[in-house]
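S.K.: sharing a model prediction with you, sequence too.
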Amino acid sequence: RLKINEISPLKSRYEVPDVLIKNLPLRAQKETGILVLTCANEDCKLHITANPFQIELESKGETVLSVNTNGLLYFEHLQPPPQNRYITRSNGLKLKLDKFRQENQEDLGLWQEEFGSFLDIKANGPSSIGLDFSLHGCEHVYGIPEHAETLLLKNTSDDDAYRLFNLDVYGHKIHDKMGIYGSVPFLLAHKPNRTSGIFWLNSSETVVEINTKAVMEHVPSRSPPAITKQRVVPQTDVRWMSESGIIDVFLLMGPTPFDIFKQYAQLTGTQALPPLFSLGYHQCRWNYEDEQDVKTVDTGFDEHDIPYDVIWLDIEHTEGKRYFTWDKKKFQHPERMQELLKRKKRKLVVIIDPHIKVDPMYALYSQAKKKGYFVKNRKGQDFEGICWPGSSSYLDFTNPEVREWYADQFAFKSYKGSTDILFVWNDMNEPSVFKGAELTMQRDAVHHGNWEHREVHNLYGFYQQMATAEGLIKRSGGQKRPFVLTRSFFAGSQKYGAVWTGDNIAEWSYLKISIPMLLTISTAGISFCGADVGGFIGDPEPELLVRWYQAGAYQPFFRGHANIESKRREPWLFGDENTRIIREAIRERYTLLPYLYSLFYRAHTTAEPVMRPLWVEFPKEQETFGVEDEYMLGNALLVHPVIEQKATTVNVLLPGSDEVWYDFRRFRRLDYSGTLKIPVTLESIPVFQRGGSVVPLKTTVGRSTEWMTDISYELRVALDSKDFAVGELYLDDGHSFQYLHKKQFLHRKFTFHKNIFSSSCADEIGQYHTKCVVERVLILGVQKQPTSVTVSLQDGKDKEVVFTYDAKTSMLTLEKLLLNVGADWEIHIK
Ligand code: MIG
């Protein structure tokens, strides 16, 4: 961690609070020459030079990263405003600075700036900061979401730096580096032998410039210096600039991609473990009109035999966009409606935005007003902007007291008509302010502690989601896991729930870009992410809708959503054939839930992203570094969604020269690595299982996740070239914190080794009783037909197993096993 601040600024400068999960000790060092620091546990050294200021990070004799190599460190010291500025002459006379310099500063916009018709008064004057970093040997850099851009970060030119500034951009453009809803100032750099990371902890507007180039490097040699060799190596220079705050930056050393994820999680926390229902399918639209509409849609799923877990209500469900209320005509009996859903073992999510209608009769408003809980304008009055309800004030979530009060609003007795199946969606929290500059709050608005909005801008949504999640936990007496979806986010938002990519468009190009967008968000620590299935704006043609469902079924957060102007889009409105294919995709999702939930457990405990770019799993395979049309779900499944219109084939890269791959649904072994042309129909979802893995599935589906608790498991075992495979299953009650407080969970490990397939405990601390059984085991890649298969249980008894062998696919199927999923057992194949 490198922190640079003024020694005695005129006024203290903003330091981002509440994002780091623990404080790293810092020491100030007074040094004028060169200082060398050595890390205790790794072979890693820091060379710090005072003048010119530079830092080199070296590992095993190799320079990995250097700081200020291009001398772009700058730090605008706070100054008194020009009109009050005097210079003190040696004779003690104070003189006002000459008028010319004063005006010049104003011209530059340093003390006030116009943007269209908006005026930003900068009470503290210019206060920007910046620093450059060089990543040696790297030409592949990733991260810094959120942009609708490629996975690999591009070189920037003068006017198109990557911008991190949370904005509400309806129907945002694609291939654009302007900021959209969320920001995570975390960048990853990768080369075959090392991944490193830069985390720039600053919540004001930030821009990042990237420049990859080739540099000459001296190759150390033992020959006389006259013939030192040189070679050309890539280098990426990254320059960060922020409007305000201090320089507070973390250099992450890896060396593996998974080390980077862990190191970043040690700073900002891991993904909250979602309640199981939230991994099911979500049905949303702006808007489901009334209680009858909700009922009809809910029944529609049963009539069409499509599983789903959650129905969503958008802003129209409220009384005039007053959040925490219900439209009295359309939602007369919200509790009864929820009771009906609850009986179906389903949930409700409602939208709660951060803007509060200016209306003295609205209790939430009048209370917040009285308590002084709104963001202020620079004159000290409550800030008022226009949003959905008309004139609105904005809760100041940066204030811990406001967050606590807000969290209390979710108590069942405060939030009339809410029940324990109601969960929350936070939208418009960039924050979105209609008629504001760039549709957001003016930067000179004032928050708790007298901080200007410009300092905290990118944190606003982070704090709202934090308060909402705390509210849901509180209302359950600390028992139940919350579910909160947010549009705006920052580093660390993973601790509070899920994010989605906002207002995309129902076009093929948006389906396509959703993959690199989600991969980028995932590698920046936020595993629980998704894009609106179908595309929010417009009307997808049926083929696009089908393809989007198929893609979404294999992505972490899976929600169909549509704009108020879009036609109705429930999965059964596009003819029998399309309904059938969408049903199949959603059912595949539900059979996959044991695997997905186990991946979320890993994201929660060890910070492994659920959805991962190929390079993360194949860090030495250069051809994977730029791949963004396919990805890994965990370490076992490679997914290549069909994202082209009328596709009849897809080109799938199956990476790794000694890997074995299997078609996940047809079991066929694909005997070569490299790029394969795979024929597809409208029904195909190209998914491949990696040899060496075991994927736990459910044998069938139910009407929602809660109906599936007792459904038996199937284990899909895919052997590698050494006839080995390993995998795991995580299991708990799916909704409470008992897994944490009482260690009520099962963590199982499945191993195939030397013709024995065994189930063992992966974590002795966890205890959870279940009657659920493993019913079926499919083993892919078994070379010859076995003569006998027996299972031995804990009690020492052996039992014959019914098996079938398919020579064509080399698949061995073991059926009617009925082995308790929590028990130890071994299956011997002879
Ligand atoms: O600008 O609440 O991204 O999902 O349906 C529209 C209405 C405001 C934007 C969200 C979208 C939501 C919509 N909201």
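M.R.: Structure's in. What do you need?
S.K.: which ones are touching residue 209?
M.R.: Applying CB atoms under 8 Å, 6 or more residues apart in numbering to residue 209 gives the contacts 156, 161, 162, 237, 238, 239, 241. For every residue, glycine as well, the C-beta is placed using N, CA and C.
S.K.: ditto for residue 334
M.R.: By CB under 8 Å, 6+ apart, the neighbours of residue 334 are 291, 326, 417, 418.
S.K.: phi and psi next, for the residue nearest to the third one when sequence neighbours are not counted.
M.R.: So the one you mean is residue 417. Spatial nearest neighbour of residue 417, chain neighbours left out: residue 334 (3.7 Å); criterion: CB to CB, 6 or more residues apart in numbering. The phi/psi pair for residue 334 (degrees, to the nearest 10) reads phi -60, psi -30.
S.K.: next step: the contacts of residue 334 restricted to helices.
M.R.: residue 291 (DSSP state H).
S.K.: and the contacts of residue 334 as TSV, adding distance to the ligand, pLDDT and neighbour count?
M.R.: TSV is the format used below for the contacts of residue 334 (distance: CB to the nearest ligand atom, whole Å; pLDDT from 0 to 100; neighbours: other CB atoms under 10 Å):
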residue	distance to the ligand	pLDDT	neighbour count
291	19	98	18
326	16	98	22
417	19	98	18
418	19	98	23
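S.K.: which residues does the residue in the stretch 651-800 of the chain that the ligand sits nearest to contact?
M.R.: In the stretch 651-800 of the chain, the residue that lies nearest the ligand is residue 704 (22.5 Å; CB to the nearest ligand atom). Listed by CB under 8 Å, 6+ apart, the contact set of residue 704 reads 277, 280, 307, 308, 309, 344, 345, 346.
S.K.: one more time with 6 Å
M.R.: 307, 309, 345, 346 (CB atoms under 6 Å, 6 or more residues apart in numbering).
S.K.: the third one contacts residue 706, doesn't it?
M.R.: Yes. In this structure residue 345 lies within contact range of residue 706 using CB atoms under 6 Å: 3.7 Å.
S.K.: relative to residue 364, how far out is residue 704?
M.R.: 32 Å (CB to CB, to the nearest Å).
S.K.: which bits of the stretch 551-700 of the chain sit near the ligand?
M.R.: Counting by CB under 6 Å from any ligand atom, the stretch 551-700 of the chain comes close to the ligand at residue 561.
S.K.: rerun that using 8 Å as the cut-off
M.R.: Taking CB under 8 Å from any ligand atom as the contact definition, the stretch 551-700 of the chain meets the ligand at 561, 563, 564.
S.K.: buried ones among these?
M.R.: 561, 563 (16 or more other CB atoms under 10 Å).
S.K.: which residues of the stretch 101-250 of the chain lie near the ligand?
M.R.: So far as CB under 8 Å from any ligand atom goes, the stretch 101-250 of the chain lies against the ligand at 168, 170.
S.K.: which residue does the stretch 101-250 of the chain bring closest to the ligand?
M.R.: residue 170 (5.4 Å).
S.K.: give me the nearest residue to the residue in the stretch 601-750 of the chain that the ligand sits nearest to, chain neighbours excluded.
M.R.: Using CB to the nearest ligand atom, residue 611 is the residue of the stretch 601-750 of the chain that sits closest to the ligand, at 20.8 Å. Once flanking residues are discounted, residue 611 sits nearest to residue 522: 4.8 Å by CB to CB, 6+ apart.
S.K.: go on, residue 429?
M.R.: Nearest non-adjacent residue to residue 429, counting by CB to CB, 6+ apart: residue 461, 3.7 Å away.
S.K.: just confirm the one you found is within a helix.
M.R.: Yes. Counting by DSSP: H, G, I helix; E, B strand; the rest coil, residue 461 is located in a helix.
S.K.: so it makes contact with residue 491?
M.R.: No. Using CB under 6 Å, residue 461 makes no contact with residue 491, being 12.0 Å away.
S.K.: for residue 604, give its distance to residue 274.
M.R.: 9 Å.
S.K.: the closest residue in space to residue 281 that isn't next to it in sequence: what's it in contact with?
M.R.: Leaving aside its chain neighbours, residue 281 sits nearest to residue 308 (4.6 Å; criterion: CB to CB, 6+ apart). For residue 308, the contacting residues are 281, 283, 301, by CB under 6 Å, 6+ apart.
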